[in-house]
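J.: fold the stuff below for me.
(chains A, B, C and D, ligands or ions: 4)
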Amino acid sequence: MTDAKPVLRLENIVKTFPGVRALDGVSFSVMPGEVHALMGENGAGKSTLMKVLGGIHQPDGGTIFMGDDAVVMSGPLEAKAKGIVFIHQELSLAEELSVAENIYLGELPTKSLGRVDWTRLADQTNAILQKLNVGFDANTRVGDLSIANQQMVEIARALTVDAKAVIFDEPTASLTDSEKVVLFDVIADLQATNVGIIYISHRMEEIFKITDRITVLRDGQYQGTVETADSTEESVTQMMIGRTLDLSRNASHHALGEVALEVRGLSCSKHYQDVSFEVRRGEVVGFYGLVGAGRTEIAETLFGLRDPSAGQILLDGEEVRINSPADAIARGISLVPEDRKGQGLVLGMNCRDNMTLPQIDTLKAGPFVAQGAEMEIFDKYHKQLDIRTPGWKQQVGNLSGGNQQKIVIGKWLSMHPKVLIVDEPTRGIDVGSKSEIHKLLRALAAQGYAVMVISSEMPEVLHVSDRIVAMYSGRVMRTFTSEDVTEDNLIQAISGMTSEQVA
Amino acid sequence: MKPGTVSTALKSGAIWGFIILELIFFSVAGEFLSLSDKAFMDWDNMLLLLKQSAPIGIIAMGMTIVMVNGNIDLSVGATFAIAAIVLLDSMTWPIFAGLGDWVIPVAWLLALVVGTLLGALNGLIVWKTGVDAFIVTLGAMLGYRGIVFMFNGEQPTSHLNWTLVDFAEAEFLGLATASWFLLAATFVIWFVMAKTVHGRNAYAIGDNREAAVNAGIRVGPHMMINFAIIGFLAALSAVVFYSESGSVNPNDGQLYELWVITAVVLGGTKITGGAGNVIGTFGGVIAIQLLRKGLGHIGADTSTVNLVIGLILVAVLVLDRQLNMKGKEELKV
Amino acid sequence: MADITRQQIGSLLAKQGILIAFVAFLIGFTIANPKFLTPDNVLSVIRSSAILGVMALGVTFVVISGNLDLSVGSMMSFSTIVVLDLHDKIGPALAIPAMFAMTLALGALIGFLVGYLKLNSLIVTLGMLSAIHGLTLTYSGGKNMDIADKEGTWFSVFGQGTALGLPIPILMFVAVAALLGLILSRTSFGRKVYAVGGNGTAATFSGIPRARTVFMCYLISATCVATAGLIQASRSLGSQNTVGQGLELEVLAAVILGGASLLGGSGTIFKTVIGVLILGFIQNGLLLIGLQFYVQFIVTWVIIILAVWLDIAAKRGKLMSPIA
Amino acid sequence: QTMKIGITQNNVGVDSYQTTYESAFIAAAAENSDVDAVVLDAGGDVARQIAQIEDLIQQEVDAIIIWPTNGEAVIPAVRKAHQAGIPVVVTNSNIAEAGFDFVNSFSGPDNITQGARSAEIMCDKFKDMGIEGEAQVVHITGQPGYTTAIERAKGFEDRMPEVCADVMIVDTQPGDWNREKSQQVMEAFLVKYDDIDGVYSGDDNMGVGALNAAKAAGRDGIIFVGATNFAVGYEAMAAGDYWGSIYQSPVDDAEAALKTAIDILEGKELPFLNYFDTPKITQDNMGDYTKPVF
Ligand SMILES: Nc1ncnc2c1ncn2[C@@H]1O[C@H](COP(=O)(O)OP(=O)(O)OP(=O)(O)O)[C@@H](O)[C@H]1O
Ligand SMILES: Nc1ncnc2c1ncn2[C@@H]1O[C@H](COP(=O)(O)OP(=O)(O)OP(=O)(O)O)[C@@H](O)[C@H]1O
Ligand SMILES: [Mg+2]
Ligand SMILES: [Mg+2]
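T.: Ligands and ions are numbered 1, 2, ... in the order given. Okay, here's the model as predicted:
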C-alpha cells in the first residue's frame, strides 16, 4: 500500500467565509483501499474540506490532484463524474420521493422517451437495501422514515456508482449499533475494491476500529497525519484539542431529591405503551433502545407535542396535563430535540436569537426585548459550551454541525429547567465538547435538576446515567441502576429479551 | 405503490369530493333557481364544461410542473396574449400570402415557438440571476403585457379565418377540439411528471433543491425547460382558443395566472414545491369551471358570485383538511 | 487596512444592495427629467405611495411569518367604501372606529383560517379577495360612494392635511413604519414572527404559539389596510368599489423588492419602505419622462428584476447565480 | 309565455357604470312580469364570455344580450347563437362588422360621438376664455384595451383639431377608469407641465381624480371635461370646479337593451343601430339634468 499512488491528494487548500478562515493551507491524501479518518473539533473545517473536494465550495487557494493530474471540481456534478461520492453530514434527501429515487437521485435508470425504468430501479435499490439489511423497501417515501433510516438511505448512495473515493461525513451520528455494524461491512467491502475512503467522525471507538490513518485539523489548520495503529485515543485527542480528557465512567453519586417527574402507565397509541418511570431531582436517567423504540415520542409527549392516549404524568407529585410546549416550558420542562435542523433551530436566524427564543417573552426592557440580557445569556453559553462562531450575528445555518447542536443545548440550558430532557444531545459533537456536555449534565443534576438523557450511544448512556431505562418496541423492558448495569445485560434488554429470559 | 399513479392522485385531495358536491348542489338549486328546463348535469352541458375548461386547464398543466419544481409563473396570462397576437397577425403577413390555408399550421407553429421562447426567457433569468421566480415572472407579467400593447396599441388584433373556426368548433368522437387538446396536455404532462426522469427530477428539485444540486442534477437548465413547457402550453392554450374566436384584446389573459394557480393549488400541489400532480390539477380546473358555470346556471349576480366563489375556495380547504386529518396522529406542530 | 475598508464597503453593499439600486434609479430619472427630484414632486410621490406603503408594512409581517396576503387590495376597497358611507350616516368620529372594527374582523377571520386552521394562505386570501369584493359590492349596491359635504368635513385631514410642513399621509406612513419597525425588530413579538416564518416547527418546539403569531400578523395587516383605506377615503372623499383592485400584487412586489423572502423568515420594515419608494418613484419617473404606458410596463419589468438581482448579487458577492 | 332573456356583461367589477347597469337591468326585468332574466358577468375575460354565451345557448334562452369584451372575438360564439335560432342584441359597445349578420340589433351610446362632443365642450370654453390659440391639454384615457376607452379617445383626438386647430394635446396616459390612478397621473402631469389649461378624461371618475390632484397642488383655472357624468362629476360641476361632461345613464342603457330584446321577441321592426342620445352637460346647462344616481 505504501508504494501505491494516492487516489486523491489535496494540497494547501485555503477557504475563507466572511469572518472565518475555515481552511488555512490544508493538505491531505487518500490511498486506494484506505480508510482515512479526518478528525478535529467542531468547526475545525472537516466538512468544508470535503465540500471543496466534492465541488460544493470553490477553494480560495490550493490544488486537488487525482492521480497525477490537477483537477478542478467545478460542481457536484463534476466531482461525481470523477468518481467521488459524498455522504453528507446533514441529510440531503427529497422527502416526498421514494427511497429508490433518492438513492439514484440525478442518475435514475432510463428507458425510451426518457422514462424512468422503475423495474430496474427497484431491483437495483432492493439489492442495495438488502446488503444494508434495513427494514424498509425501495418504494417507501423517505419522509416517512426515521432519521436513522434516512441516514441509511444516504449511505446507500455510496454503493450505486463505481466510486474512486467515498466521503462519509459523520455517517454514524444518528445510527444505532446494529446499523453501524452494517455500515462498517459496507466500508470493508468498498475497501476491498480499492476505493479510497474518507471517514469523518467524533467517535473514537469507530476511528480505532476501522481506519488506517488519521488526519487531524485544528481551527482550519493541518495538524498532521498519523497511522491509526501507532496512536491512542489520548494522543489523537491531544492533537485535536491540545489536552487530554478523562473519559472514565461516571461514578460520582450525590444525594437524590424528591421525585420531580413521574410517568404512570403512559401510552401513545402505536408509538409506545404502558410506560412508567420516575426521575428524581439530582438524577440523570438514561433512555436506551433501538431506533423506533419510542423514546423520542415519550419526550415529545412530556413536552406537550403529543397527546397521550392513556396514563398520567406527575410533576412534583401532582398530576398535570401538558397541552403545548408553552405549557411544558411554563412547568419547567425543557427538551433538546433530536432533529436540530428541523426542530431545534431557525437556520436563517442568528446565534443569539436562536438561543434566547424560548424565553424571549421574559427578557423585557420596557416594551422591548432586553438586548443586554440576551447578550449575557449568549456570552455565558458561548463560553461554557465553547461554541465556535465569529460572533452572535452569524446565521446558525452557517455554523458547523456540532456548533449548531451546541446552540440548541445552550438554548435549553439557559431556561434553567426543572426537568431537562435531552434527545441525542451529543450527536455530531467532538470529543472535547462531548465530555464538557456530559460534565454539564452531571453538574446540572448535582444542582438539583432532573435530567432525562435519550441516547443511542451506549458509552454515553453508561457514562452519564444514574439509572438506565431500557426500551424495546414501545415498552420499558427493564430499569437498571448504575451498579447492576453491564453492556451485556443492557443489549439483551433492548433486543426484546425480558429479564426472565436472560436469567 | 409506484409514485405518481392514478390511485395516489385520486386519494389525495378533497377536490373530487368537492366536484361531486358542486354537481349535486347546482343540480338541486338549478331546479328552483334556473330559468332553464334543462338539467345542469345534462350530458351536453358536461361536454361543454370540458371544452370551457380548456383555456385555463391547458395552462394549469404547465403550472403544475413549474410549481412542483418549486417555482411559479405569473406571466402566463401575458404570454397567452402574445401568442394569440402572433397567431392571428402572422396569418396576414405578406410572406405567407401564397400559402392559402397552409398558413394555419405555420401560424400555429410560430405562436407556439414564441410562447416557448418567452417561457424559456423567464427560466433563463431565474437560472442565471438567481432571482426568485415570483419576482422574475411578476416583472414579466408587466413586461410581456407591455409587449402586447406595443404590438397593436390598444386595438384588438383580429383575423377571423372561418376554416380555422370550423376546425376549432369541430367535434371528434363527441368531444370538441379544445377538449381534446386539454386531455392531451393533461396526459402528456402526467406522463412527463410521473414517468420520466425529467419529471421525477422536478419533484426532487422542488422538494430539496440543495439535495438535487448535491446529487449533480443540473437545476438551472432543468428549471428553464419547465418554464419553456409552461410557455409552450400558454401558447397552446391561446392557439386553441383564438383559432375559434379570431380576435385578441390586449387585455386578454389578465388574471389567468391567479385562476390557474388556484386550480393547481386546489388540486393539491404544494406552493413550496415537491408535491402535486396533474390529475389533481385537472380536478381543480374542473371544480373552478363548474363553479363559474353553476353560478351562472342559477343566475347569481356579480356580487353574489364573488362572495360565493371566495367562500367556496376557503370551504374546499377546510374540507380537504378534515379529510386529510383523519387517522393521522401527527406531532402538534 | 485597505483590505478592511474594502471588506467593509463590500459588506455594506451586501446589506444595502436594494438601497443602492434605489439611489441609482433616482439618479437616472433625475438626469432624464430634472424636475424629478424637486421637493414638490418627491413629496407628491411619497404622499401617493403612502397608501400602498402602509399596506405593504402590514403585509411585511404576514410575509415574514411565512404566509401571503392577496386580500389587502379588496379589503382596502371595503374599508374605503365603508368609512365613506358611515361618514354621512354616523359622522366621522364614529365612522372611523367602526370601519377599523369591521376591517379587523375580516383580518381576524383570515388570521383564524390561516393561523388556527392552518389553511393555505394563498388560496384563503385569494378566496377572501373575491369574497370581500362581493361584500363591498353588496354593501354599496355597486355605486360610487361619496361624502355629501366635501368642504365642511374635518375628515379630509388624513388625506389632504399637512402638519409640520408635511402632508399628513406621509406622516402617517412614517409613523406606522416607525411603530411597526420597532415592533418587528425590537419586541419579542417581532422575534416570534421571524421564528415562525423561518422554521415553524422549531418555533413550536421553542414554545412559541405559532397559530396566535400568524393570527396577529393578519390583524396587523388588516389594521394597516384600514389605515390605508382611511387615507384613501380622506384623500378623495369619495371612491369607487374597485379602488384597491390589483394593489395586492403591487404591495407584494414592494415587499419582495425590499428583500423579504416568500418562504418567510426574512425581511425588514426599512427594506419594505425602500421597496415601496422604488415602485412609487419608478411609476412617477416614467410618467415624467412621458413614455407610452406600455413602454413603462417594459421598463418596470427590467427595473424590478435588476433591483432584486443587484440586491442578491451583492449578498452573494457574485453577479451570476451559482445554480448549476 | 315568459321571455327568457340572458345577458352577459363585460366586466361588472370594473366601475360603477357597469354595476349600476347590472342592477338597473335586473330591476327592469323584475318589473316586467313577462320577462325572466339571467344576468352574467364575463369579468373582462373573453373566454369566460364565450363560455357564457354557450351556456345561454345550452339553457335555451329566448334572446341573448351581449356587452362584448371584444367586438370580434365573440363573433363565432354569436354565430352559434344565431345558428341555434336565438336572436342576439349587442349592448353598449358594438361588435365588429363581420358579425353584423348574426346580430339582430345594437343598442347603446355612440362613444365616438361622445369623445367628439367632449372636444367641442372644451373648445367652446377655451374660446370663451380666449385661449383657444395656445391652450394645452392633457388627456387621461380609460383602461387600455377597452372599446369604450379607445372610441372616446379617438373621437376626442380627431375632433379637437377640427374645432380648435391650435389647441395642443401635450400628453396622454391611461387612468384605468380609476380615480386614484388618475390622480397619480395628474400629479405627474402637474410636475411635468407648468402650463395646463384643460384636462380631458375618459370618464368623470378619472376626471375628479385629476381635479383632486390639481386642487392639492393649488393649480387653479384648469378646465376639466369628462364623459359619463357620474354623481361626483355632477357635484364638482355644481361646485364650479369641473366644467363639463357627457350625460349618459347606465339605467337608460340597460333599459334600452332590454327593451330592444323584448321588441325583437315580440316581432317589432327595429333599426339595426339604436343609439340613445348622450347630450353635453356643462355648468351652464346642468340644471336641465337630474343628478346621476351612480
Ligand atoms: N457557508 C458558510 N458560511 C460561513 N461560515 C461557514 C460556512 N460553512 C462553514 N462555515 C464555517 O467554517 C468553519 C468550519 O466549518 P465545518 O463545517 O467545516 O466544520 P466541521 O469540522 O465539519 O465541524 P463539525 O464537526 O461540527 O461538523 C466553521 O467555523 C463554520 O462556522
Ligand atoms: N422502520 C420504520 N419505518 C417507518 N417508521 C419508523 C420506523 N422506525 C421508526 N419509525 C418512526 O420514526 C419516528 C421516529 O422514531 P425514532 O427512531 O426517533 O424513535 P426513538 O425510539 O425515539 O428512536 P431514537 O431516539 O433512538 O432515534 C417515529 O414516528 C417512528 O414511529
Ligand atoms: Mg461537519
Ligand atoms: Mg428518537
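
J.: just give me the neighbour total for residue A:113.
T.: Using other CB atoms under 10 Å in any protein chain shown, the number of residues around residue A:113 comes to 9. (Each C-beta comes from the backbone N, C-alpha and C, glycine too.)

J.: my error: substitute residue B:173 in the last question.
T.: With other CB under 10 Å as criterion, residue B:173 counts 6.

J.: partners of the lowest-mean-pLDDT helix or strand in chain D, with directions?
T.: In chain D, the helix or strand scored least confidently by mean pLDDT, DSSP states H and E is strand D:273-275, which has a mean of 86. Here strand D:273-275 has these sheet partners by DSSP bridges: strand D:105-108 (parallel).

J.: only the buried residues of the helix or strand that the partner strand is followed by, if you could.
T.: For strand D:105-108, the following helix or strand on the C-terminal side (DSSP states H and E) is helix D:111-129. For helix D:111-129, a neighbour-count test (16 or more other CB atoms under 10 Å in any protein chain shown) marks D:111-126 as buried.

J.: sorry, back to before: who touches the least confident helix or strand of chain D?
T.: Contacts to strand D:273-275, defined as CB atoms under 8 Å, 6 or more residues apart in numbering or on different chains, come from residues D:94, D:105, D:106, D:107, D:108, D:109, D:110, D:113, D:256, D:260.

J.: confidence-wise, which of these comes last?
T.: Among those, residue D:94 carries the weakest pLDDT, at 84.

J.: that one reaches residue D:71, doesn't it?
T.: Yes: with contact defined as CB atoms under 8 Å, residue D:94 counts as touching residue D:71 (6.2 Å).

J.: kindly provide the distance from residue C:114 to residue A:338.
T.: Distance, residue C:114 to residue A:338, using CB to CB, to the nearest Å: 29 Å.

J.: cool, and residue A:426?
T.: Residue A:426 is 11 Å from residue A:338, where distance means CB to CB.

J.: who has more neighbours, those two?
T.: Neighbour totals were compared for residue A:426 and residue A:338, and residue A:426 leads with 27 against 24 (other CB under 10 Å).

J.: assign the closest residue in space to the more buried one that isn't next to it in sequence to helix, strand or coil.
T.: Leaving aside its sequence neighbours, residue A:426 sits nearest to residue A:434 (CB to CB, 6 or more residues apart in numbering or on different chains; 4.6 Å). For residue A:434, the assignment made with DSSP: H, G, I helix; E, B strand; the rest coil gives helix.

J.: count of residues packed around residue A:434?
T.: Using other CB under 10 Å, residue A:434 has 25 neighbouring residues.

J.: does it really touch residue A:427, like I thought?
T.: No: using CB under 8 Å, residue A:434 is not in contact with residue A:427; the gap is 9.9 Å.

J.: spatially nearest residue to the residue nearest in space to the middle of chain C (excluding sequence neighbours)?
T.: Centroid-nearest residue in chain C, with CA atoms, centre = their mean: residue C:56, separated by 1.2 Å. Nearest residue to residue C:56, sequence neighbours excluded (CB to CB, 6+ apart): residue C:254, at 4.4 Å.

J.: in chain D, what residue comes closest to chain B?
T.: Among all residues of chain D, residue D:72 sits closest to chain B, at 3.2 Å; criterion: CB to the nearest CB.

J.: from chain C, how far off is that residue?
T.: To chain C, residue D:72 is 21 Å away according to CB to the nearest CB, to the nearest Å.

J.: residues contacting the closest residue to ligand 1 within the stretch 1-150 of chain B?
T.: Closest residue of the stretch 1-150 of chain B to ligand 1, CB to the nearest ligand atom: residue B:130 (15.8 Å). Residues in contact with residue B:130 (CB under 8 Å, 6+ apart) are C:309, C:312, C:313, C:316, C:320, C:321, C:322, C:323.

J.: repeat for residue A:352
T.: A:374, A:375, A:377, A:378, A:392, A:393.

J.: are any of the residues you listed buried, and which?
T.: Neighbour counting by 16+ other CB under 10 Å classes A:374, A:377, A:378, A:392 among these as buried.

J.: pull the residues that contact the helix or strand hosting the residue nearest to residue C:56.
T.: In the assignment (DSSP H and E), residue C:254 maps to helix C:247-257. For helix C:247-257, the external contacting residues (CB under 8 Å, 6+ apart) are B:74, B:132, B:134-135, B:138, C:18, C:52-53, C:55-56, C:59-60, C:63, C:68-74, C:76, C:129, C:262, C:267, C:272, C:274-276, C:278-279, C:304, C:307-308.

J.: hang on, the earlier thing: burial measure for the residue nearest to residue C:56, as a count.
T.: Residues near residue C:254, counting by other CB under 10 Å, number 29.

J.: any idea how far it lies from ligand 3?
T.: Distance of residue C:254 to ligand 3, computed by CB to the ion, to the nearest Å: 39 Å.

J.: any idea of the pLDDT on that residue?
T.: So residue C:254 comes in at 91 (pLDDT).

J.: tell me which residue in chain C sits closest to ligand 4.
T.: Ligand 4 sits closest to residue C:205 of chain C, with a gap of 13.8 Å, by CB to the ion.

J.: now do the contacts for that residue.
T.: By CB under 8 Å, 6+ apart, the residues touching residue C:205 are A:303, A:305, A:325, A:335, A:337, A:343, A:344, B:333.

J.: look at the last one and report its pLDDT.
T.: What that stands for is residue B:333. At residue B:333, pLDDT is 68.
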